[in-house]
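Colleague: After the sequence you'll find the predicted model.
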Amino acid sequence: GSKDKTLKLWDITSSGLRVSGHVGPVLACTFSPSKKRRERLITGGEDGKLIFWSGRDGKQIAVKTPVRLKTEITALACFPNGRSAAVCAADGSVQLRDIHDDQQPTVVLPRFGTSSVKHCSISPDGARMLTSNEDGALALWDVSPRQQPRIINSLDHSNPTWSPCFSPDGRHFLCASKDGNLTVRNGMTGSDVVRLTGQVRGAFSPEARFMATAARDGSILYWDLADKIRSLGSLKGTHGGVTAFGISPDGRFLASGSADFIKLWDLSKPAEEPALLHGFAHGRTSGLYFSPDAIWLASTASNDSALVVWDLRNGAAAFLFYSSVAILNCAWRADGRAIAACDASGRIYLLEPYKLGGQRVPDFPLIVTPWRCPDTNKLAFGCPACREWSEIGEAPLGTTSKCPLCSTQIEFTRTIDADWRSIKAAWRSLPH
């Protein structure tokens, strides 16, 4: 969705589908879980609209405006039964609504806090829900069917929290605050189970037998959850500045992202060094998304417009997708065969790794400035995709071309007079 009142849902393997949708950026997206090919792609926008799309062919099903909502939608979460969704907004409000039946009433939850709701997580049995606000307020809700939702426990953090989440068995949930403290809490009552100082990220294994955490210094620890939470040791090959973290749905892999690269541990071989995934996206890793079938890992970076999907079977990049601006968030379809991505301009893309294997898929030509070296008069440009420099002939403003090394589509801006050779040397010194 973008400011021209359109939303684009692209099938890169054939043609782009253009339909009317949001006015302004799309801030949240999620797929409803379904095994009967009735998946819904749900998007929420800056315009306060909630739009339901077919998760298969991208057809628009319905456009809704949540009850009494006069601000943007900031977070979405679907219930495990695939029938309902939680809709969170910038004014601190949360609503529960039916995905398929418009005749079902929308449930407006009691207001908790006034700041924007940034994250929402629902327990595996669909009976409890976590919401976290921008100011650090965290609420555990009872959202059991056939009764009025209520707050079980409200928890105030002095600092904003990273995405809180339930363990797969619902017995615990964890929340890590930006001051470097991670707390594991009782999933039924919200009471403290253990506080881990200096831990900045955390994730549960799929069978909820253990938990992994990342510390400020980059060390990765794992913890036994079977009885009393206790440390089981650390993993090899750790690194500093962890900004994204996760465990695959089958429990085999742990991924940790930082600046310029991602490390992937095979947890069946904890004594081995992790695999290093890098060279395609630049900047701090902003998101790691395992597919539900544990075959793919998607990654995004804060200073980049690339979505990289890695094949966990061989550790190679399966395909690269380049938007014209930064990609903000992603969501996998329940069957693991498609991923939806939202970028900073408000566009949404639906990509299928099985059909895009080994391809670089630019949405638009990447905008690049040619540099003319003053002492040699040679013109060159640096490709953001492969991070290599190539000498070229004249490149008038607006000219399009392809990178001779990786074939990424390029559009040139106005030429500047500056020595590009030092930049080339600096790029080569970075991890690649």
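Modeller: On my side now, so go ahead.
Colleague: what residue lies at the spatial centre of the protein?
Modeller: Geometric centre of the chain, nearest residue: Asn329, 3.8 Å, by C-alpha atoms, centre = their mean.
Colleague: Just the pLDDT for that residue.
Modeller: Asn329 is assigned a predicted lDDT (pLDDT) of 86.
Colleague: for Ala212, same thing?
Modeller: Confidence at Ala212, expressed as pLDDT, is 92.
Colleague: Return the distance of it relative to Val242.
Modeller: The gap separating Ala212 from Val242 is 11 Å, by C-beta to C-beta, to the nearest Å. All C-beta atoms are positioned from the backbone trio N, CA, C, and that covers glycine.
Colleague: repeat for His100
Modeller: 39 Å.
Colleague: Lys59 too?
Modeller: In this structure, Lys59 and Val242 are 40 Å apart, going by C-beta to C-beta.
Colleague: Name the surrounding residues that touch stretch 241-250.
Modeller: If you take C-beta atoms under 8 Å, 6 or more residues apart in numbering as the criterion, stretch 241-250 is touched by 200-206, 212, 214-215, 218, 253-259, 262, 267, 284-294, 297, 299, 302, 312.
Colleague: what about 7 Å?
Modeller: Residues from elsewhere that reach stretch 241-250 (C-beta atoms under 7 Å, 6 or more residues apart in numbering): 200-201, 203-206, 212, 214, 218, 254-259, 284-288, 290, 292, 294, 312.
Colleague: And for stretch 176-183?
Modeller: With contacts defined as C-beta under 7 Å, 6+ apart, stretch 176-183 is touched by 136, 157-162, 174-175, 192, 195-202, 213, 216.
Colleague: Go over the secondary structure and confirm Tyr354 is in a helix.
Modeller: Yes. The assignment for Tyr354 is a helix, going by DSSP: H, G, I helix; E, B strand; the rest coil.
Colleague: so it sits right up against Ala338, yeah?
Modeller: No. Tyr354 is beyond contact range of Ala338, at 9.0 Å (criterion: C-beta atoms under 7 Å).
Colleague: what about Lys59 and Val242, which has more around it?
Modeller: Using other C-beta atoms under 10 Å as the criterion, Lys59 and Val242 rank with Val242 on top: 24 against 12.
Colleague: and the more buried one, that's in a strand?
Modeller: No. Under three-state DSSP, Val242 sits outside any strand and is assigned coil.
Colleague: Backbone torsions only: list them for the nearest residue to it once chain neighbours are set aside.
Modeller: Nearest residue to Val242 in three dimensions, chain neighbours excluded: Ala214, at 4.0 Å (C-beta to C-beta, 6 or more residues apart in numbering). Backbone dihedrals for Ala214, given as degrees, to the nearest 10, come out at phi -120, psi 130.
Colleague: what sits against the residue sitting furthest away from the middle of the chain?
Modeller: What lies farthest from the middle of the chain is Asp375; by C-alpha atoms, centre = their mean that is 45.0 Å. For Asp375, the contact set (C-beta under 7 Å, 6+ apart) is empty.
Colleague: Please repeat the previous calculation with a cut-off of 8 Å.
Modeller: Asp375 is in contact with Asp419, counting by C-beta under 8 Å, 6+ apart.
Colleague: What count of nearby residues applies to Gln103?
Modeller: Using other C-beta under 10 Å, the number of residues around Gln103 comes to 5.
Colleague: mind checking pLDDT for it?
Modeller: Note on Gln103: pLDDT of 84.
Colleague: Could you confirm it falls within a helix?
Modeller: No. Applying three-state DSSP, one finds Gln103 to be coil, outside a helix.
Colleague: Distance check, it against Ala318.
Modeller: Distance, Gln103 to Ala318, using C-beta to C-beta: 42 Å.
Colleague: if we can go back for a sec, which of Tyr354 and Ala338 has more residues huddled nearby?
Modeller: Neighbours were counted for Tyr354 and for Ala338 using other C-beta under 10 Å; Ala338 has more, 22 against 13.
Colleague: hang on, that one packs against Ala331?
Modeller: No. Taking contacts as C-beta atoms under 8 Å, Ala338 lies outside contact range of Ala331: 9.7 Å.
Colleague: Quick one: neighbours of Ala271, just the number.
Modeller: For Ala271, the count of nearby residues is 6 (other C-beta under 10 Å).
Colleague: wait, doesn't it sit right on Lys236?
Modeller: Yes. When contacts are counted by C-beta under 8 Å, Ala271 is listed as touching Lys236 (6.9 Å).
Colleague: Which SSE is immediately downstream of the helix or strand of the chain with the lowest mean pLDDT?
Modeller: Taking mean pLDDT, DSSP states H and E as the measure, the chain has strand 16-20 as its least confident helix or strand, at a mean of 41. Heading C-terminal from strand 16-20, the first helix or strand you meet, by DSSP states H and E, is strand 26-31.
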